[in-house]
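J.: Output the structure for:
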Amino acid sequence: MSVTNRLGIVVVGASGDLAQTKVIPALFALYCQHFLPEDFHIYGLARTDMNHAAFRRKVAENLTCRYAPGESCSDRTEEFLQRCYYCQGQYSSSDSFLDLFELMREVEGASPINRIFYMAIPPSVFQDVAQALGDSGLVACDDSQGWSRLVVEKPFGRDRESSDRLVRDMQMVFTEEMTYRIDHYLGKEIVQNLMVLRFANLIFEPLWNKDCIESVRIQWAEPIGVGQRGGYFDGFGIIRDVMQNHLLQILALLAMERPVVYSSTAVRDAKVALLKAVAPVTLDQLVTGQYGASASGHQPAYVAAPNVPRDSLTPTYAAAMLQIHNPRWEGVPFLVEAGKALDQKISEVRVRFRGIPSSLFGETGAVLHPNELIIRIQPDESIVLRIMNKLPGLGLNLAPTELNLRYQSTFSTLIPEAYECLLLDVIKGDRSLFIRADELEAAWDVFTPVLHQLELQHIAPEMYPYGSAGPKVAQVLAQRCGF
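T.: Below is the predicted model:
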């Protein structure tokens, strides 16, 4: 059988939440849609003591029948589970990966095969696993034996220096061409649509500049706290966990210049050029907050979460005013904000256009609100254009109204999960939606200086109640940005 029809997928950290709720269900969705090769197998490796049968039962708990409804679902599920295997081991142990290698040889034989290694593990053990994989002989060095591709999850380091070191160390085993740094936000349907919206519609590009746009707001909020992830979150904080990756990636797609061609290299070149034009954030352009207990007392404060120090200064909320120094965007404020334990769940982009300098309708007493383009990423994916409109009736009464494209009511096809899209791209070798090393460097340069200042000066975040709109001082920063 041709190597192109053979694939072995290794999920390191296979007993964890990410692997069980996102990665493996996404592979099942691809299988149900016939996107996986004929001859594929999935191997989970983790420290949890399980056998193949127990692993399959655990995997089955999170498989859904979105693409295999009715009677075929149970058949497809059973077929998929029979291709799943498990190896218990330690992440830093070469012997554990040698055991995995032996298992894979028993299942696959000795013929050439393509391999994907997915690191669903904390960044602190990336290098140990990469070294163990290299030592075990699992990573193909010769394409005649099949290709090897590595998928790693953010955050990639804690600052520019640690990120550079991680990239350098990982490249001792996996080259840049073999490495797929995943940011699941880039797999979301409406984020991918940003380029189409800008460059496939003539009406937007002439307006997409400082002359017509007054400000841009990129917002991420969720109504829950850190839960049981306090120990992990406290090592990174909201800036590293959400802003430096998810929101900067959205900003790059939103603000970059038109790529020369539609290719992974050209798209990522355009994103890198944009990120290099973003000035490093300063303290006067940043607000940080940390949630306290809810007003009712039913929801605990951040510092009451498991494994969080009681004197922690880690931000659970941050808002930053970014400035892009290039001819298109000079002087336009980009307000980027993210927070946990807020009063809503939302991810959206709000582009506010400049107001009409003088109104033909001034004598009517109407207040002309600026036009806005609102791109709702989640929930209820939609694209809304807010315009001024005449209200029906005999008088000349004006009011803002919305032209609303709601994905759920407009498109009958299922919207794929982000991990489905990204894993399919890994299989195809399409690197467009994955983060290149120089892109990672440019993104860290935006936030590294201010992150170091926050820590060296022990700057305390402003407290806000669980379930509120966030720190009140953030409203001042929003007003400076025109919101």
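
J.: what does the model give residue 414 for pLDDT?
T.: Model confidence at residue 414, given as pLDDT, is 70.

J.: for residue 279, same thing?
T.: In this model, residue 279 is scored at 97, pLDDT.

J.: dump the residue contacts of it.
T.: Remark: with contacts taken as C-beta atoms under 8 Å, 6 or more residues apart in numbering, residue 279 is in contact with 322-325, 446. Any C-beta I mention is one placed from the backbone N, CA and C, and that applies to glycine too.

J.: From these, which land in helices?
T.: Counted as lying in helices by DSSP state H, out of the contacts of residue 279, are residue 446.

J.: Which one (most neighbours) among the contacts of residue 279?
T.: Counting neighbours by other C-beta atoms under 10 Å, the top entry in the contacts of residue 279 is residue 322, with 25 neighbours.

J.: Show me what that one bridges to in the sheet.
T.: Applying DSSP bridges to residue 322 gives these bridge partners: residue 334.

J.: got the contact list for it?
T.: Taking C-beta under 8 Å, 6+ apart, we find residue 322 in contact with 251, 278-279, 281, 285, 333-336, 446.

J.: ok, those vs residue 93, which is closest?
T.: residue 446 (37.4 Å; C-beta to C-beta).

J.: was I right about that closest one contacting residue 282?
T.: No. In this structure, residue 446 sits apart from residue 282 without contact. The criterion is C-beta atoms under 8 Å, and the distance is 11.0 Å.

J.: re earlier: can you name the two of the contacts of residue 279 that are farthest apart?
T.: Of all pairs drawn from the contacts of residue 279, the one with the largest separation by C-beta to C-beta is 325 and 446; the distance is 12.0 Å.

J.: between those two, what contacts are shared?
T.: Common neighbours of residue 325 and residue 446, counting by C-beta under 8 Å, 6+ apart, are 278-279.

J.: ok, back up a step: from the contacts of residue 322, which is closest to residue 272?
T.: Taking C-beta to C-beta as the measure, residue 272 lies nearest residue 278 of those, at 11.0 Å.

J.: gap between the closest residue to residue 397 other than its chain neighbours and residue 226?
T.: With C-beta to C-beta, 6 or more residues apart in numbering as the criterion, residue 397 has its nearest non-adjacent residue at 4.4 Å, and that residue is residue 391. Residue 391 sits 46 Å away from residue 226, taking C-beta to C-beta, to the nearest Å as the criterion.

J.: more crowded one of the two?
T.: Here residue 391 and residue 226 are set side by side on neighbour count (other C-beta under 10 Å), and the busier one is residue 226, at 22 against 11.

J.: residues near residue 17, how many?
T.: The local packing of residue 17 (other C-beta under 10 Å) involves 12 other residues.

J.: need the contact list for residue 472.
T.: When contacts are counted by C-beta under 8 Å, 6+ apart, residue 472 touches 462, 464.

J.: wait, I meant residue 19
T.: 11, 13, 44, 46, 118, 120.

J.: Now do the same contact list for the last one.
T.: Right, the one you point to is residue 120. Contacts for residue 120 were tallied using C-beta under 8 Å, 6+ apart; they are 11-14, 16, 18-19, 23, 153.

J.: List just the nearest of those residues to residue 94.
T.: residue 12 (13.6 Å).

J.: distance of residue 120 from residue 91?
T.: Residue 120 sits 11 Å away from residue 91, taking C-beta to C-beta as the criterion.

J.: Over to residue 373?
T.: According to C-beta to C-beta, residue 373 and residue 91 sit 45 Å apart.

J.: same question, residue 379
T.: 35 Å.

J.: Kindly indicate which of the contacts of residue 322 lies nearest residue 422.
T.: Using C-beta to C-beta, residue 251 is the member of those that sits closest to residue 422, with 19.3 Å.

J.: Which ones among the contacts of residue 120 lie within helices?
T.: residue 18.

J.: Spatially, which two of the contacts of residue 120 are the most separated?
T.: Largest separation among those by C-beta to C-beta: 14 and 153, giving 13.7 Å.

J.: Those two: which is more packed in?
T.: Between residue 14 and residue 153, counted using other C-beta under 10 Å, the more crowded position is residue 14 (29 against 21).

J.: Show the pLDDT at that one.
T.: The predicted structure scores residue 14 at 92 on the pLDDT scale.

J.: Now for it: which residues touch it?
T.: When contacts are counted by C-beta under 8 Å, 6+ apart, residue 14 touches 20, 24, 43-46, 55, 86, 120.

J.: Got phi/psi on it?
T.: Here the main-chain torsion angles of residue 14 (degrees, to the nearest 10) amount to phi -70, psi -20.

J.: shift numbering so it begins at 36
T.: That works, and once the first residue is 36, the last one we named lands at residue 49.

J.: From residue 223, how far off is it?
T.: Counting by C-beta to C-beta, the separation of residue 49 from residue 223 is 24 Å.

J.: again, but for residue 351
T.: Computed with C-beta to C-beta, the distance linking residue 351 and residue 223 is 23 Å.

J.: now residue 385
T.: According to C-beta to C-beta, residue 385 and residue 223 sit 17 Å apart.

J.: Comparing these two, which residue is more hemmed in?
T.: residue 223 (21 against 18).

J.: Residue 170 contacts residue 130, correct?
T.: No. No contact is recorded between residue 170 and residue 130 when judged using C-beta under 8 Å, the distance being 9.6 Å.

J.: how's this protein carved up into domains?
T.: The record, using automatic domain parsing to delimit domains, assigns the chain the ranges 38-188, 221-515.

J.: Format these as JSON lines; extra columns: distance to residue 214.
T.: Converted to JSON lines, those look like this (distance: least, C-beta to C-beta, whole Å):
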{"stretch": "domain 38-188", "distance to residue 214": "5"}
{"stretch": "domain 221-515", "distance to residue 214": "8"}
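
J.: Report how many residues lie close to residue 75.
T.: Should you count by other C-beta under 10 Å, residue 75 turns out to have 21 residues around it.

J.: what's the answer for residue 262, then?
T.: Each residue near residue 262 was counted by other C-beta under 10 Å, and the total is 10.

J.: Tell me the pLDDT of residue 325.
T.: Here the pLDDT value assigned to residue 325 is 96.

J.: which residues does residue 452 contact?
T.: By C-beta under 8 Å, 6+ apart, the contact set of residue 452 is 57, 60-61, 64, 222.

J.: Ok, residue 379 next?
T.: Residue 379 touches 256, 258, counting by C-beta under 8 Å, 6+ apart.

J.: Assumed it was part of a helix.
T.: No. Counting by DSSP: H, G, I helix; E, B strand; the rest coil, residue 379 is not found in a helix; it is coil.

J.: ok, it to residue 180 distance?
T.: Relative to residue 180, and taking C-beta to C-beta, residue 379 is found at 51 Å.

J.: same deal with residue 506?
T.: For residue 506, the distance to residue 180 (C-beta to C-beta) stands at 55 Å.

J.: Would you mind checking which helix or strand in this structure has the lowest mean pLDDT?
T.: helix 442-445 (a mean of 68; mean pLDDT, DSSP states H and E).
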